[in-house]
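J.: With the sequence up front, the predicted model follows.
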Amino acid sequence: MENKAIHPPKKQRVQCLTIDSPRKHAISDWMALIDEDNSAGAAKGGSLANSAALVDLPLPCARDDEVGMSRYQPTTALSHLTGVTSQAVKHWTIVERYLLNHFMQSVSRALVVVEDQDNIFLLHFVPMALQNLTVRRALLALSACHTSKVYPIFEHDVLVQRTEALCNLKTELADHDRFKWAIGATLLLCLVEICEGNSQKWLLHLHGARTLLTNTLSDSLQGPPLAILKELYNYICCIASVNSITAPPVLWPLSGTDVGASTVHPLFGSCGDLYHCLAEINDVAAEMDNASPAEHQSLRLREIELSLQSWTPAEESQKSRYTSELRAAGFANQWAIMIRLQQVANKSRNDDPRITKAAEHILSALSLIRPGSDVEPLLLFPLFMAGLGSTTKPSRLTVEHRFTSMEATIGLGNIVIAHKLLDEIWRRANDGDVVDWQALTRARYPGLILF
């Protein structure tokens with residue numbers, strides 16, 4: 001595979017950023033990450049490390065033969081959505097073309113719950129990658145990270161593309177008018193670290209994205225793609241705050257409403273109001289800082305509980321297997337957030353009857369969703385919460401089987417790490433230990449996010 005050596009440019013002074021003091025340390029750490037990136041610990045191992053498909057074959061034509069090289073361009077079936085043409089990737093290497101193709105066909109679909117015509121990664125991120133080198137490098141890094149879970153040889157491409165993206169990001173940060181590109185690249189780099197599995201650098205990128213978004217004129221956030229970048233940021237924050245006390249807060253208002261023509265949100269699905277509740281629960285948890293809730297916090301948690309109990313997914317005008325599974329995913333998330341509420345409000349243990357009963361409801365909802373379903377991107381959080389409340393062998397086997405399935409169908413490294421964490425929790429519980437899963441996560445898997 002052809003990759004040139006990377007020589008980071010000299011340090012440049014970053015302008016146009018105003019940083020609020022409470023998070024100054026996180027932002028400075030993020031800026032340091034742009035200057036110097038080290039390989040992160042990741043979920044390793046791929047089942048096709050020695051595949052014959054990895055062998056470099058001789059090119060049937062010269063590299064400047066556009067007609068001959070056209071067979072190496074990404075599929076044109078999605079070009080009406082992405083704008084990818086032979087001319088647009090004329091100067092891309094064969095490996096880069098493969099990674100772009102992998103992103104469009106696999107990665108983009110593993111991150112959303114909607115059809116291709118509403119997929120924000122196809123409609124917005126791919127066109128941004130065609131227009132901007134920094135976004136391009138970050139997108140290719142994410143694609144390489146995803147495929148490296150099957151083909152470990154692509155770990156080298158992760159390092160190369162990520163390093164180039166970070167070097168180019170400094171240039172984008174020096175110009176306020178280019179913040180759109182910087183935000184897009186930063187969020188993609190955040191997803192790279194999440195995909196790695198146990199890297200903690202996603203947190204630095206998330207703080208960086210918040211600073212960029214808050215330093216961008218608010219009226220420019222009303223239309224795409226900046227509004228979509230804000231939605232992606234908020235979605236990551238909602239999930240990250242479940243087990244990270246240092247994750248930045250969401251940028252209110254949290255819409256969770258449709259971004260495209262569909263009535264289903266690409267990221268939140270039909271669960272926008274639920275994620276609003278989850279964000280509020282996480283805000284209260286951050287205020288409490290492991291203490292018991294004060295009176296005003298207890299009242300707020302009670303209000304959130306009433307909102308959760310009264311939630312029902314919107315009725316779809318046309319019934320289909322997809323809409324049925326989307327509703328089931330909504331109910332699974334509803335009960336998962338109820339578990340989170342009990343953990344914050346009452347410090348409930350995993351074997352608390354309220355937790356185990358909610359876990360049963362989650363598993364009941366999951367039973368309506370096929371493995372490999374389009375709604376699987378919404379299932380890691382409820383699946384993990386169901387695992388916490390599973391106290392019987394059948395329920396644990398059901399959870400573990402679904403984990404194994406999602407490791408293959410979605411393919412992100414954080415799913416593997418979440419599976420490992422849950423297995424360790426079960427082993428300790430089998431020995432009679434009372435397990436604080438959040439403390440264990442911070443100690444053993446500090447980079448895990450249930451995204």
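T.: Received the coordinates, thanks. Numbering: from 1, shown residues only.
J.: can you give me the helices in the stretch 351-451 of the chain?
T.: Listed in chain order, the helices of the stretch 351-451 of the chain (DSSP state H, counting those that start in this stretch) span 353-366, 380-388, 393-409, 413-430, 437-444.
J.: meant to ask about the stretch 201-350 of the chain, not that
T.: With DSSP H, counting those that start in this stretch applied, the stretch 201-350 of the chain shows helices at 201-214, 226-240, 272-288, 295-310, 321-346, listed in chain order.
J.: So which of those is the most surrounded?
T.: Per-stretch averages of neighbours, counted by mean count of other C-beta atoms under 10 Å, single out helix 201-214 among these, with a mean of 24. Any C-beta I mention is one placed from the backbone N, CA and C, and that applies to glycine too.
J.: Turn the helices of the stretch 201-350 of the chain into CSV, columns for distance to residue 384.
T.: Formatted as CSV, the entries for the helices of the stretch 201-350 of the chain read as follows, by distance: least, C-beta to C-beta, whole Å:
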stretch, distance to residue 384
helix 201-214, 17
helix 226-240, 10
helix 272-288, 14
helix 295-310, 18
helix 321-346, 8
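J.: out of these, nearest to residue 413?
T.: Nearest to residue 413 among the helices of the stretch 201-350 of the chain is helix 201-214; the distance by C-beta to C-beta comes to 11.3 Å.
J.: for that closest one, what is the average pLDDT?
T.: Averaged across helix 201-214, the pLDDT comes to 96.
J.: about what we covered before: so for residue 272, which of the helices of the stretch 351-451 of the chain sits nearest?
T.: For the helices of the stretch 351-451 of the chain, the distance to residue 272 is smallest for helix 380-388, at 14.7 Å, taking C-beta to C-beta.
J.: buried residues in the closest one?
T.: When neighbours are counted by 16 or more other C-beta atoms under 10 Å, the buried residues of helix 380-388 are found to be 380-388.
J.: Turn those residues into CSV, columns for pLDDT.
T.: Written out in CSV, the entries for the buried residues of helix 380-388 read as follows (pLDDT from 0 to 100):
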residue, pLDDT
380, 98
381, 98
382, 98
383, 98
384, 98
385, 98
386, 98
387, 98
388, 98
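J.: Next, work out how far apart the closest residue to residue 248 other than its chain neighbours and residue 282 are.
T.: Closest residue to residue 248 apart from its sequence neighbours, by C-beta to C-beta, 6 or more residues apart in numbering: residue 210 at 4.5 Å. Noted for residue 210: a distance of 15 Å to residue 282, by C-beta to C-beta, to the nearest Å.
J.: again, but for residue 48
T.: Computed as C-beta to C-beta, the residue 48 to residue 282 distance reads 38 Å.
J.: re earlier: to residue 90, which of the helices of the stretch 351-451 of the chain lies closest?
T.: Using C-beta to C-beta, the nearest of these to residue 90 is helix 413-430, at 32.6 Å.
J.: Convert that closest one to PDB, retaining C-alpha atoms only.
T.: Output of helix 413-430 as PDB, limited to C-alpha atoms (Å, rounded to 0.1, in the frame of the first residue of the first chain):
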ATOM      1  CA  GLY A 413     -14.100  -1.400  18.700                       C
ATOM      2  CA  ASN A 414     -16.100   0.100  21.600                       C
ATOM      3  CA  ILE A 415     -18.600  -2.700  21.300                       C
ATOM      4  CA  VAL A 416     -15.900  -5.200  21.900                       C
ATOM      5  CA  ILE A 417     -14.700  -3.300  25.000                       C
ATOM      6  CA  ALA A 418     -18.200  -2.900  26.300                       C
ATOM      7  CA  HIS A 419     -18.600  -6.700  26.000                       C
ATOM      8  CA  LYS A 420     -15.300  -7.300  27.900                       C
ATOM      9  CA  LEU A 421     -16.400  -4.900  30.600                       C
ATOM     10  CA  LEU A 422     -19.800  -6.600  31.000                       C
ATOM     11  CA  ASP A 423     -18.100 -10.000  31.200                       C
ATOM     12  CA  GLU A 424     -15.800  -8.800  34.000                       C
ATOM     13  CA  ILE A 425     -18.900  -7.400  35.900                       C
ATOM     14  CA  TRP A 426     -20.600 -10.700  35.600                       C
ATOM     15  CA  ARG A 427     -17.500 -12.600  36.800                       C
ATOM     16  CA  ARG A 428     -17.200 -10.400  39.800                       C
ATOM     17  CA  ALA A 429     -20.900 -10.700  40.600                       C
ATOM     18  CA  ASN A 430     -20.600 -14.500  40.300                       C
END
